[in-house]
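Undergrad: sharing a model that was predicted from the sequence below.
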Amino acid sequence: MPAFHEFERLFPKEPLLGPSALETHPRILAVLAHPDDESFGMGGTLAFYAWSGAQVFLVCATNGDLGEVAPEFLHGYASVVERRKAELCKAAESLGLAGVYMLGYRDSGMPGSPDNQHPQALAAAPLDEVAARVTQYIRLLRPHVVLTFDPIGGYRHPDHIVAHHATVKAFHAAADSQVYPSDLAPYQPQKLYFHLISRTFLRLGVILMRLFGKDPKRFGRNGDINLAALAKEDFPVHAQISYRLVEKQRKAAALAHASQMSGPGVAGGVFERILRFFGSKDQFMRAYPAPEPGLHESDLLADVRI
């Protein structure tokens with residue numbers, strides 16, 4: 001398992017593994033939006049498969065520019081971006097990731113924010129541009145399984161939604177040499193999954209907020225997440241992954257993002273309480289191959305050919 005003691009090693013231009021390793025290990029690629037998405041979302045699953053011997057890679061689309069960081073967390077750092085990349089480095093080591101690749105887009109902020117229109121923002125980038133870049137990483141890393149957000153980006157974050165659409169497009173484009181052509185050989189991953197937020201949690205959250213006199217339409221640090229609307233969305237759960245054996249690694253990765261876990265009402269503290277209540281499991285919807293009725297998997301690598 002590689003240790004990321006040098007910052008540059010976390011953001012390589014080439015795989016950290018040689019061709020032989022890429023051919024003999026199961027490989028998983030997660031395409032996400034911000035530093036901390038890998039830990040606060042599907043971190044348990046990523047840690048579990050890394051611990052199990054798979055090579056797990058991450059493409060992170062933005063630098064997390066707009067993450068709210070208290071002044072005390074910026075001591076010794078030139079910027080919010082530098083701090084958040086350093087946290088991602090530490091989290092990646094805890095999860096056992098084999099490589100992390102940054103696309104370098106600017107964080108777009110929540111829906112309706114002026115930052116959505118910033119020329120460097122992920123939300124403002126042409127979808128084909130983002131999909132082409134993700135396609136190159138699929139061809140480079142040759143993952144058997146690709147993971148990303150659900151169609152509404154978990155909680156309708158613009159960057160999450162772009163990452164979802166770009167990943168779906170790239171997943172299908174990677175095998176066609178005529179789409180986003182490059183020097184890399186075409187490659188078709190075998191499976192595509194979308195990570196889901198537990199609908200049971202969302203609905204329970206709405207009930208509890210109302211019981212305590214809170215407005216479930218104004219959830220989160222800035223009150224900009226409509227929990228009530230999210231609870232009405234419904235996606236089929238095709239896979240449930242237990243990460244009980246690597247709970248310490250997942251928790252360490254979440255704690256690495258200390259700057260995002262401070263202050264009232266932030267995701268980090270709530271995140272930990274949710275996990276303790278619902279147990280050490282992640283839920284996924286399978287997008288490819290098309291799931292048969294009643295599908296319930298306990299292993300994302302089931303039926304994968306190495």
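TA: Looks like it came in fine.

Undergrad: just the pLDDT for Q260.
TA: pLDDT for Q260: 88.

Undergrad: excluding sequence neighbours, find me the nearest residue to it.
TA: With sequence-adjacent residues excluded and distances taken as Cβ to Cβ, 6 or more residues apart in numbering, Q260 is closest to D36, at 5.2 Å. For every residue, glycine as well, the C-beta is placed using N, CA and C.

Undergrad: same thing with I197?
TA: Distance criterion Cβ to Cβ, 6+ apart; nearest residue to I197, sequence neighbours excluded, is G154 at 5.4 Å.

Undergrad: based on its surroundings, how many neighbours for the one you found?
TA: G154 has 21 neighbours, counted by other Cβ atoms under 10 Å.

Undergrad: how about it, what does it touch?
TA: By Cβ atoms under 8 Å, 6 or more residues apart in numbering, the contact list for G154 reads 41, 160, 195, 197.

Undergrad: helices - which of the residues you listed land there?
TA: Per DSSP state H, helices hold the following members of the contacts of G154: H160.

Undergrad: who wins for neighbours among the contacts of G154?
TA: Counting neighbours by other Cβ under 10 Å, the top entry in the contacts of G154 is H160, with 27 neighbours.

Undergrad: related to what we said a few turns ago, farthest-separated two in the contacts of G154?
TA: Farthest pair in the contacts of G154 (Cβ to Cβ) is H160 and I197. Separation: 10.9 Å.

Undergrad: before we move on, the earlier item: in strands, which of the contacts of G154 appear?
TA: When DSSP state E defines the strands, the subset of these inside them is H195.

Undergrad: how about the helices in the stretch 151-300 of the chain?
TA: Counting by DSSP state H, counting those that start in this stretch, the stretch 151-300 of the chain has helices at residues 153-156, 158-173, 199-211, 227-232, 247-256, 267-278.

Undergrad: of these, which stretch is the most buried?
TA: helix 158-173 (a mean of 23; mean count of other Cβ atoms under 10 Å).

Undergrad: could you give the average pLDDT over it?
TA: Per-residue pLDDT over helix 158-173 has a mean of 98.

Undergrad: repeat that for stretch 46-55.
TA: 97.

Undergrad: give the buried residues for it.
TA: Within stretch 46-55, the residues that qualify as buried are 46-51, 54-55, counting by 16 or more other Cβ atoms under 10 Å.

Undergrad: then stretch 295-306?
TA: Result for stretch 295-306 [16+ other Cβ under 10 Å]: buried residues 297, 300-301, 304.

Undergrad: from those, which is closest to G64?
TA: Nearest to G64 among the buried residues of stretch 295-306, counting by Cβ to Cβ, is L300 at 26.0 Å.

Undergrad: am I right that the closest one is in contact with L46?
TA: No: if you go by Cβ atoms under 8 Å, L300 and L46 don't touch, sitting 10.5 Å apart.

Undergrad: what about the strands in the chain?
TA: Along the chain, the stretches classed as strands by DSSP E are 27-32, 55-62, 99-105, 145-149, 191-196, 239-242, 281-288.

Undergrad: what about stretch 105-118, average pLDDT?
TA: Taken as a whole, stretch 105-118 has a mean pLDDT of 91.

Undergrad: what's the spacing between it and its chain's center?
TA: Remark: stretch 105-118 is offset 18 Å from the chain centroid, using Cα atoms, centre = their mean, to the nearest Å.

Undergrad: now do that stretch: everything it contacts.
TA: Against stretch 105-118 from outside (Cβ under 8 Å, 6+ apart): 34, 61-67, 120-125, 130, 156-159, 162, 222, 224-225.

Undergrad: one more: stretch 208-218?
TA: The set of residues external to stretch 208-218 that reach it, using Cβ under 8 Å, 6+ apart, is 205-206, 219, 223-229, 231.

Undergrad: likewise for stretch 75-84?
TA: With contact meaning Cβ under 8 Å, 6+ apart, stretch 75-84 is reached by 34-36, 63-67, 69, 73-74, 86, 257, 259-260.

Undergrad: okay, now the unreliable bits of the stretch 1-150 of the chain?
TA: 1-23 (pLDDT under 70).

Undergrad: if you set the cut-off to 90 instead, what comes out?
TA: The stretch 1-150 of the chain contains residues with pLDDT under 90 at 1-25, 65-78, 109-113.

Undergrad: about what we covered before: the strands of the chain: which one's closest to E93?
TA: Comparing the strands of the chain by their distance to E93 (Cβ to Cβ), the top pick is strand 99-105, with 10.0 Å.
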